[in-house]
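Engineer: Next comes the sequence, and after it the predicted model I'd like to discuss.
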Protein chains: 2
Amino acid sequence: MSKVTPISGFPEWLPSDRIVEQYFLDTIRETFELHGFASIETRAVEPIERLSSQGEDADKEIYAVRRLAAGADDDSGPGLGLHFDLTVPFARYVLENSGKLAFPFRRYQIQRVWRGERPQEGRFREFTQADIDIVGDGTLPFHYEVELPLVIADAFSKLPIPPFRIQVNNRQIPEGFYRGLGIEDVASVLRIVDKLDKIGPDKVTKLLVDAGLTDAQAKSALQLAEISSTDASFVEQVRALGVKHEILDEGLERLAAIMTAANEHAPGLLVADLKIARGLDYYTGTVYETQLIGHESYGSICSGGRYDSLASDGKTTYPGVGISIGVSRLLARLFSQGLVKGSRSTPTAVLVALNQEEDRADAMRTAAALRGRGIPTEVAPAAAKFGKQIKYADRRGIPFVWFAGENGAADSVKDIRSGEQVEADASTWAPAAQDLRPSIENPQENQ
Amino acid sequence: MSKVTPISGFPEWLPSDRIVEQYFLDTIRETFELHGFASIETRAVEPIERLSSQGEDADKEIYAVRRLAAGADDDSGPGLGLHFDLTVPFARYVLENSGKLAFPFRRYQIQRVWRGERPQEGRFREFTQADIDIVGDGTLPFHYEVELPLVIADAFSKLPIPPFRIQVNNRQIPEGFYRGLGIEDVASVLRIVDKLDKIGPDKVTKLLVDAGLTDAQAKSALQLAEISSTDASFVEQVRALGVKHEILDEGLERLAAIMTAANEHAPGLLVADLKIARGLDYYTGTVYETQLIGHESYGSICSGGRYDSLASDGKTTYPGVGISIGVSRLLARLFSQGLVKGSRSTPTAVLVALNQEEDRADAMRTAAALRGRGIPTEVAPAAAKFGKQIKYADRRGIPFVWFAGENGAADSVKDIRSGEQVEADASTWAPAAQDLRPSIENPQENQ
């Protein structure tokens, strides 16, 4: 057996960090449900041809899955791959179940996805995403493009994370703008401009010229990408560049409407940022990214957009809009920067101590009484000196140790942080609310 | 693009069934946490050599995973496969993190696993398990073998499932018994006897004789397998068969102790059933299975056991005991028998109706006020006749529709089941507690 080592790109958390992850996932789920999104989960695998039809970069990312002992009796059908996002599987789920779903269909989906990319800080090969999407049958009202970032903002406002900025663009703007400039290969130019934050304007200009643009075209494309505003004033900045195209007009109108509506409900939350493009090919209109303020170089931790033709069975098309929170990506940043930690490594609030092994049955009854009133409790692993049992609790951050009264005396419970010990009855005693469950702390605020 | 079809063995639920699954998972998690188990999750992949070292049948079940575009820059290291259970990955996690964990370590783990088996009723290729395990460093007290089935019983008692029976055995009993009979290849005989419920005593006898046992040995092995009791009286029945071996004595003593202790806390819950063996090779002592009463032929929905040597780094061994609830397997049975369903297909309790599109901003404020008090709310997708909006709610099982008051009149809310409509204020009104969230119903009890 080979040595046990981590596999690069496949993160695993220790119990106290997992408690933080659970808190984040619970909060996100609770918010999504408050906004009326129904949960679904899809299988981890899709036919490879469905995964690989999503753009030229997708092939590189796919993990193929095959039975190790697949032989003559292999009935697994077409080649299967692990899904690399939750949008492509969701579109397939909608097509497969369209007769059983009510449209517009609002769903959330929290699952792991896999991408065979080179691992680096915040980019994993296996990670958890939390998605919301709304799809219509045939049509999808525009107002959902305003609603989705407000849902994300509601979730983020409940999480212990740095301030954030949701950047929004409409792909029709660069597309119409490029066409107005006489550029044919819009997709390639989009992909190059998308690298602006990573490689800077000089390298982007060089790549654009290498791709066949004139110096003037490249300069204009860069000027467009550098426009941003927290209201609809970006429209005037674009107009000042003097490019005209009907697709551009439509994009500007739609993005302006989003900015106006968003400012009505959550002023300053959204930034119109015309360099945002998103790598995946299925987006057709509005696109979103999200930066943590002060962590801009880390890239987006929550992205999405509108896709008009991802789900189509030839007869009906199901246009959709969605946003995905990169939960693992977000947590990895918070952990690596020391911004969050769990207050203990176990849900246990009370350890029932054991004076002698013969008392175990009584201790189990005490524990059951506490659990029956919602207090997470475990019994000591072995009878031992009380100091050893307190050490067991202390190592795990368990705040209370319970002692059975001997010779008819009352039971007592000790807060091992303060040392305070009081008489207690398992049918009535309860810890303070903040000690009942592990809590999430920002270590830097406690210093 | 090929036609969209389900993939055999990879189940997906519709939203209302997913609500049932979430209820089950939440209840199981809550119970595990009340008993002081900490959550972890492990990556989906393990090195294939770690997976395939778990017995001769394991190879057939493993899904290998490989980057589709893996080429010269493939740095994924040893061949990877999807985990087929949560015990093998947990044992690896313990070895990898032993310096950072506190022992005995109590953990729960709720994740999907993958097995390339032939799909059939209740046997999937992708499914969700919910496991609890306790591991020690070097030693693990016996009392945890009593505790674990009590935790499972606590979880099951909170779920809307048929009555159940936890069957327990100790592998030392058949092993010692077979050795006492002069049988050498204990593992093969165990595997054959394990098929007793599936193929019946005649075929088991034939297989045993084919495997080299004498008629008398085969008969004795079957007689042992047919013994069961709800207390420690199985010991006398085994003694009456006249076989002697020190490993048998130890097994009998341990299983008797479990039955005695379990009867003290939950009389009748456990059945000592000497035919239980479990397929996986890593169990070394106590083993558990669980039947739903009235659904015995469906097989076990919750299984586990003690494993003394699964996790070892050469210096330290971490013995463990664990049980795994087959959540997908359990739910598939309940769904196919029509025993559970969700009361609606969405978390939404209130739909805010729209008289005209211009009212959307107001409707969004009403929805935000309701959500702020924990009431799941969505706004109608479009202004339409109220009948159409009520139909939207009805199709999803949303119980309440909210109407804005016009011309200064008060808002009102309609219970679309009873038709009752009352004046309401979004800052004070609340639905009845049972309508706030979807509930789980047994359709057969309502008939």
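Structural biologist: Good, I have the coordinates.

Engineer: What residue in the stretch 1-150 of chain A comes nearest to chain B?
Structural biologist: residue A:36 (3.2 Å; Cβ to the nearest Cβ). Quick note: C-beta positions are derived from backbone N, CA and C, even for glycine.

Engineer: Quick check: which ranges of the stretch 151-300 of chain A have low pLDDT?
Structural biologist: A:279-280 (pLDDT under 70).

Engineer: With adjacent residues omitted, what lies nearest to the residue of the stretch 1-150 of chain A closest to chain B?
Structural biologist: Spatial nearest neighbour of residue A:36, excluding adjacent residues (Cβ to Cβ, 6 or more residues apart in numbering or on different chains): residue B:378 at 3.2 Å.

Engineer: So the one you found sits against residue B:353, correct?
Structural biologist: No - in this structure, residue B:378 is not within contact of residue B:353 by Cβ atoms under 8 Å, at 10.9 Å.

Engineer: List of residues touching stretch A:408-427?
Structural biologist: A:350, A:366, A:369-370, A:373, A:390, A:393-394, A:398-405, A:429 (Cβ atoms under 8 Å, 6 or more residues apart in numbering or on different chains).

Engineer: For the stretch 301-447 of chain A, which residues are neighbours of chain B?
Structural biologist: A:313, A:345-348, A:360-361, A:364-365, A:368, A:371, A:374-379, A:381-382, A:392, A:395-396 (Cβ under 8 Å from any Cβ of the partner chain).

Engineer: Which residue ranges of the stretch 1-150 of chain A form helices?
Structural biologist: A:15-34, A:48-52, A:58-61, A:87-97, A:143-157 (DSSP state H, counting those that start in this stretch).

Engineer: Lowest average confidence across those, which one?
Structural biologist: Looking at these, the lowest mean pLDDT belongs to helix A:58-61 (a mean of 66).

Engineer: closest point of the stretch 301-447 of chain A to chain B, which residue?
Structural biologist: Counting by Cβ to the nearest Cβ, the stretch 301-447 of chain A gets nearest to chain B through residue A:378 (3.2 Å).

Engineer: Can you name the residues that contact that residue?
Structural biologist: With Cβ under 8 Å, 6+ apart, residue A:378 has these contacts: A:348, A:350, A:351, A:352, A:367, B:35, B:36, B:106.

Engineer: Can you report how many residues neighbour the first one?
Structural biologist: Per other Cβ atoms under 10 Å in any protein chain shown, the neighbour tally for residue A:348 reads 25.

Engineer: does it count as helix, strand or coil?
Structural biologist: coil (DSSP: H, G, I helix; E, B strand; the rest coil).

Engineer: Apart from its neighbours in sequence, what residue is nearest it?
Structural biologist: Nearest residue to residue A:348 in three dimensions, chain neighbours excluded: residue B:36, at 3.8 Å (Cβ to Cβ, 6+ apart).

Engineer: That neighbour touches residue A:375, doesn't it?
Structural biologist: No - at 10.4 Å, residue B:36 does not count as touching residue A:375 under the criterion of Cβ under 8 Å.

Engineer: Check what pLDDT residue A:104 gets.
Structural biologist: 97.

Engineer: measure residue A:295 to chain B for me?
Structural biologist: 25 Å (Cβ to the nearest Cβ, to the nearest Å).

Engineer: quick one: that residue and residue A:163 touch, right?
Structural biologist: No - the criterion here is Cβ under 8 Å, and residue A:295 misses it with residue A:163 at 10.1 Å.

Engineer: of the two, who's got more company?
Structural biologist: Here residue A:295 and residue A:163 are compared on neighbour count by other Cβ under 10 Å; more neighbours surround residue A:295, at 18 against 9.

Engineer: Please report phi then psi for that one.
Structural biologist: When read as degrees, to the nearest 10, the backbone of residue A:295 gives phi -130, psi 30.

Engineer: Now do the contacts for it.
Structural biologist: A:162, A:333, A:337.

Engineer: let's see 7 Å
Structural biologist: Contacts for residue A:295 (Cβ atoms under 7 Å, 6 or more residues apart in numbering or on different chains) come out as A:162, A:333.

Engineer: residues near residue A:158, how many?
Structural biologist: When neighbours are counted by other Cβ under 10 Å, residue A:158 comes out with 13.

Engineer: nearest residue to it other than its sequence neighbours?
Structural biologist: In space, and not counting its chain neighbours, residue A:158 is closest to residue A:27: 5.1 Å by Cβ to Cβ, 6+ apart.

Engineer: From residue A:160, how far off is the one you found?
Structural biologist: Distance, residue A:27 to residue A:160, by Cβ to Cβ, to the nearest Å: 10 Å.

Engineer: picking that back up, go through the contacts of stretch A:408-427 and flag which are in helices.
Structural biologist: Of the positions in these, A:366, A:369, A:370, A:390, A:393, A:394 sit in helices, assigned by DSSP state H.

Engineer: Lovely, talk soon.
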